[in-house]
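Asker: 3D model of this:
(one chain, ligands or ions: 1)
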Amino acid sequence: MSERYLITTPIYYVNDLPHIGHIYTTVMADIFARYHRMKGEQVVFLTGTDEHGQKIERSAKAKGVAPIELANEVVRRYETLWKDLEISNDDFIRTTEPRHEAAVAEIIRRIQAAGDIYKGEYTGWYCAGCEAFYVETQLVEGRCPDQGHPVELLSEPSYFFRLSAYRDKLLDWYRDNPGCIQPKSRYNEVVRFVEGGLRDLSISRTSITWGVPFPGDPDHVVYVWLDALTNYISALGFGSDDDTRFREFWPADIHLVGKDILRFHCVYWPAFLMSAGLALPKTIFGHGWWLRDEAKMSKSAGNVVRPDALLKKLGPDPLRYFLAREMTFGADSSFSDEAFLTRYNAELANKLGNTVSRTIAMTHRFAGGRIPAPQASGPIAEAAAIAFTSSIEAMDSLAPQKALDAIWKFLEVLNGFIQERAPWTLAKGGAPERQLLEETLGTCLEGLRIVAMLIAPFMPGIASKISSHLATGLPDVLPEPSELWGGVQVGAPLPPAEPLFPRIDINAYLKESATDDGPAGKPASSPVPPEDQTPKEISIDEFARTRLVVGTVREAELVPKSKKLLRLMVDLGEESPRQIVAGMATKYAPEDLVGRQVVVVANLKPVTLMGVESRGMVLAASEDGEPFILAPDGPVSPGTGVR
Ligand code: ME8
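Answerer: You can find the predicted model right below:
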């Protein structure tokens with residue numbers, strides 16, 4: 001019987017649309033769910049929406065709709081977003097579903113049977129933003145101590161849960177299960193809080209109506225946090241006729257939550273479960289916050305990032321990668337498009353994308369486009385084994401960013417191996433060099449097959465694309481370490497290389513999104529007069545920083561949908577021709593350029609023009625907008641310098 005693994009995200013409020021914080025928790029949970037499936041475990045991954053309570057009741061009223069209409073609309077957005085991000089949740093629980101309400105009634109029945117509920121009067125402060133009760137001394141400058149939301153005074157009949165009776169039992173649980181709250185700093189925080197003593201908790205409301213009716217007393221609705229926390233078992237069938245999944249999968253292996261809702265998960269939830277005689281979760285992991293301008297991003301603060309444009313432009317994988325790589329799991333981090341695009345270009349386009357397309361291109365050029373046999377063993381196989389075991393260890397110890405580190409270190413090893421062996425030089429040698437060349441390419445392709453397998457939980461789309469490039473599918477289950485090396489299909493034909501991550505011109509992108517995006521945008525016309533366009537004097541050293549070389553055009557074609565742009569493949573004497581986009585189609589037909597020599601700026605930062613990456617610039621004199629190509633006075637070898 002394979003092991004079982006239950007992972008959950010918080011269920012999100014439906015008062016507003018999701019932002020990067022909700023995306024983060026859900027993506028991280030998805031990464032772990034996929035990883036555990038690849039370990040051969042039976043996984044249940046749950047997410048959903050928290051639809052009751054004062055906050056939703058008020059938001060709906062302000063929008064002039066019924067709460068359920070608001071919920072339906074936001075749920076639709078969540079479901080689309082999760083699909084776009086390739087989230088592989090096994091269920092989506094809504095707290096307005098009958099199966100959930102049945103579970104809430106059942107847990108209250110059990111808590112009541114344990115003698116832990118009594119009726120009284122609640123008088124105190126309430127924060128609708130956090131849906132939390134506070135006593136006067138907890139407030140900070142008259143606001144909620146956790147998030148600074150406004151609070152209001154309540155005085156209403158209420159049912160109470162004897163939370164105070166659970167102080168010692170909770171402390172015992174924390175002591176006996178030091179891994180139950182992670183990271184350690186959060187564990188200490190919770191223990192200190194509980195050591196300070198617990199007050200009984202109000203678990204019903206009478207001044208709102210949008211909630212689960214309190215069993216046996218229809219004047220009350222269930223306090224929204226007791227209602228919401230129960231989602232973790234209602235989604236498994238607890239309290240329903242078919243509770244097989246509950247019996248098989250509960251307790252949860254990990255509740256993944258933001259640190260904002262630690263107290264509810266580490267104090268209230270275990271106490272409710274103890275009272276109801278149910279098993280306690282194995283781990284509650286409180287991750288950090290995505291910040292903007294030093295403040296937590298939140299719907300109420302209105303400082304949120306909704307990365308719709310990035311998602312639309314680049315698909316889900318780069319965003320999934322960035323979220324997992326940028327934030328040390330557990331710590332806070334700041335989100336910026338710039339940090340995202342920098343990692344994208346450096347780590348995805350350069351390190352991963354280039355290594356894959358370069359290796360495939362060389363296999364076509366030098367090895368007939370079929371996968372050659374890799375080395376049977378050696379330093380690259382050893383480095384692959386290290387990447388494999390380190391990334392598994394990192395994932396098992398809840399450090400996904402370290403797993404990515406290990407994989408990218410291995411990519412560096414592969415790149416170093418290519419540079420050292422220099423297939424483009426080996427290709428010019430005799431039989432022994434050719435054999436070495438084939439072995440080099442086979443070894444790199446095998447290394448990339450392993451990389452694809454290891455990145456699959458993080459970037460499922462790209463991983464399967466690389467695997468299909470390499471003519472192997474992704475394995476459903478990770479191999480044993482002894483079986484890791486040598487799975488590549490020797491002799492299989494490779495499809496042509498295609499760029500996996502087209503490079504992005506960061507400045508152009510940021511400028512474009514600044515003018516597109518409203519609040520961060522700048523007015524299209526500026527009152528500041530344009531600067532003098534004549535460049536100022538430069539020194540010879542400054543000029544020498546421009547690498548000018550002669551190249552021979554090998555291929556030319558029109559860029560689709562463009563009247564002006566040509567896509568050229570220019571031989572600069574490097575291992576493969578460079579793709580360069582030139583604005584010359586109004587003057588030159590593609591076929592006239594093939595075979596011609598041109599002068600190229602070879603160290604220009606790559607840009608993407610009409611979706612095509614350009615890695616250099618062809619020089620031309622320009623008179624009244626008409627280009628005149630510059631060329632050497634006689635044929636020279638591609639790559640010859642110009643000065
Ligand atoms: O709290 N950085 O729902 P919610 C990182 N319904 N993560 C963030 C974040 C940020 N800036 N902002 C939000 C609720 N999150 C309750 C949960 S569970 C039984 C009920 C993430 O819509 C993080 O996981 O306010 C946080 O805990 C959650 O979204 C809060 O989502």
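
Asker: and Asn15, what pLDDT?
Answerer: Listed pLDDT for Asn15 reads 93.

Asker: any idea how far the ligand is from it?
Answerer: Relative to the ligand, Asn15 is positioned 8 Å away (C-beta to the nearest ligand atom, to the nearest Å). C-beta: built from backbone N, CA, C; applies to glycine.

Asker: try Asp505
Answerer: Look at Asp505 and the ligand: by C-beta to the nearest ligand atom, they are 29 Å apart.

Asker: what do you get for Thr552?
Answerer: Distance, Thr552 to the ligand, by C-beta to the nearest ligand atom: 52 Å.

Asker: that residue reaches Gln597, doesn't it?
Answerer: Yes - taking C-beta atoms under 8 Å as the definition, Thr552 is a contact partner of Gln597 at 5.4 Å.

Asker: spell out which parts of the chain neighbour the ligand.
Answerer: Near the ligand, the residues belonging to the chain are 10-13, 21-22, 24-25, 50, 228-229, 231, 257-258, 260-261, 289-290, 296-298 when assessed by C-beta under 6 Å from any ligand atom.

Asker: in strands, which of these appear?
Answerer: Judged by DSSP state E, the subset of these located in strands is Pro10, Ile11, Tyr12, Tyr13, Asp50, Val257, Gly258, Trp290, Lys296.

Asker: dump those to a markdown table, plus distance to Ile284 and neighbour count.
Answerer: Shown next, in a markdown table, are those (distance: C-beta to C-beta, whole Å; neighbours: other C-beta atoms under 10 Å):
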| residue | distance to Ile284 | neighbour count |
| --- | --- | --- |
| Pro10 | 11 | 25 |
| Ile11 | 15 | 24 |
| Tyr12 | 17 | 24 |
| Tyr13 | 19 | 23 |
| Asp50 | 17 | 25 |
| Val257 | 7 | 21 |
| Gly258 | 11 | 19 |
| Trp290 | 20 | 23 |
| Lys296 | 19 | 20 |
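
Asker: and of the residues you listed, the nearest to Gly447?
Answerer: Nearest to Gly447 among those, counting by C-beta to C-beta, is Trp290 at 33.4 Å.

Asker: bridging residues for the closest one?
Answerer: Applying DSSP bridges to Trp290 yields these beta-bridge partners: Ser333.

Asker: that one contacts Glu326, correct?
Answerer: No - shown here, Trp290 and Glu326 do not form a contact pair, counting by C-beta under 8 Å, at 9.2 Å.

Asker: between those two, which contacts overlap?
Answerer: The contact sets of Trp290 and Glu326 overlap at Ser333, Phe335 (C-beta atoms under 8 Å, 6 or more residues apart in numbering).

Asker: the stretch 301-450 of the chain: helices as residue ranges?
Answerer: 308-314, 316-326, 337-343, 355-367, 379-396, 400-421, 423-426, 431-455 (DSSP state H, counting those that start in this stretch).

Asker: was I right to think Pro251 contacts Ala279?
Answerer: Yes - counting by C-beta under 8 Å, Ala279 is a contact partner of Pro251 at 4.1 Å.

Asker: which of those two has more neighbours?
Answerer: Under the criterion of other C-beta atoms under 10 Å, the comparison of Pro251 against Ala279 puts Pro251 first, with 15 against 11.

Asker: shouldn't the more buried one be within a helix?
Answerer: No - note on Pro251: no helix contains this position according to DSSP: H, G, I helix; E, B strand; the rest coil, which reports coil.

Asker: for it, what are its contacts?
Answerer: So Pro251 contacts Leu6, Leu278, Ala279, Leu280, Pro281, Lys282 (C-beta under 8 Å, 6+ apart).

Asker: which SSE is Gln568 in?
Answerer: For the record, residue 568 is Leu, not Gln. Leu568 belongs to strand 566-571 when assigned by DSSP states H and E.

Asker: now do the helix or strand following that strand: which elements does it pack against?
Answerer: Of the helices and strands lying after strand 566-571 in sequence (DSSP H and E), the nearest is strand 578-582. Under the contact definition 3 or more C-beta pairs under 8 Å, 6 or more residues apart in numbering; DSSP states H and E, strand 578-582 sits against strand 566-571, strand 612-614, strand 617-618.

Asker: would you turn the ones you listed into JSON lines with distance to Gly302, mean pLDDT and mean neighbour count?
Answerer: Listed next are these as JSON lines, based on distance: least, C-beta to C-beta, whole Å; pLDDT from 0 to 100; neighbours: other C-beta atoms under 10 Å:
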{"stretch": "strand 566-571", "distance to Gly302": "43", "mean pLDDT": "94", "mean neighbour count": "23"}
{"stretch": "strand 612-614", "distance to Gly302": "37", "mean pLDDT": "89", "mean neighbour count": "20"}
{"stretch": "strand 617-618", "distance to Gly302": "43", "mean pLDDT": "94", "mean neighbour count": "21"}
